[in-house]
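J.: Predicted structure and sequence below. I'll ask about it afterward.
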Amino acid sequence: MSHQSLGPTRLAGWAAILKSTEFLVTAIVASGLREHIRKLRRVLTGSRYRIETHRGIGYSLTVAQR
């Protein structure tokens, strides 16, 4: 099994991504957005609408065909 080393530039890039993701998660929790999304999902249960989570990007509303 061989291991490939990541260069310092790639490591710095990953560190920046992890830091920004951590910031977004903290902001979502702090703003209460997560709880609002949960409530909205509960209200939409059984309807043709669905909230989808896209990790690291955000949320989207999907409408099923009738």
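T.: Sure, I can see it.

J.: drop to CA atoms for contacts and neighbour counts, all remaining ones
T.: OK.

J.: and the residue nearest to residue 53 when sequence neighbours are not counted, how many residues sit next to it?
T.: Residue nearest to residue 53 in three dimensions, not counting chain neighbours: residue 59, with 4.6 Å by CA to CA, 6 or more residues apart in numbering. Number of residues near residue 59 (other CA atoms under 10 Å) recorded here: 12.

J.: For residue 59, I want the exact helix or strand it lies within.
T.: strand 58-63 (DSSP states H and E).

J.: Identify the residue nearest residue 28 in space, chain neighbours excluded?
T.: residue 34 (6.1 Å).

J.: Quick one: list the elements packing against the host helix or strand of the one you found.
T.: Here residue 34 sits within helix 33-44, counting by DSSP H and E. Counting contacts by 3 or more CA pairs under 8 Å, 6 or more residues apart in numbering; DSSP states H and E, helix 33-44 is packed against strand 49-54.

J.: contacting residues for the nearest residue to residue 63 once chain neighbours are set aside?
T.: With CA to CA, 6+ apart as the criterion, residue 63 has its nearest non-adjacent residue at 4.6 Å, and that residue is residue 49. Listed by CA atoms under 8 Å, 6 or more residues apart in numbering, the contact set of residue 49 reads 61, 62, 63, 64.

J.: pLDDT score assigned to the closest residue to the first one other than its chain neighbours?
T.: When you say that, I think you mean residue 61. Sequence neighbours aside, residue 51 is the residue nearest to residue 61 in space, at 4.7 Å (criterion: CA to CA, 6+ apart). As predicted, residue 51 sits at a pLDDT of 88.

J.: Residue 51 - how many residues pack around it?
T.: 16.

J.: ok, it to residue 23 distance?
T.: According to CA to CA, to the nearest Å, residue 51 and residue 23 sit 22 Å apart.
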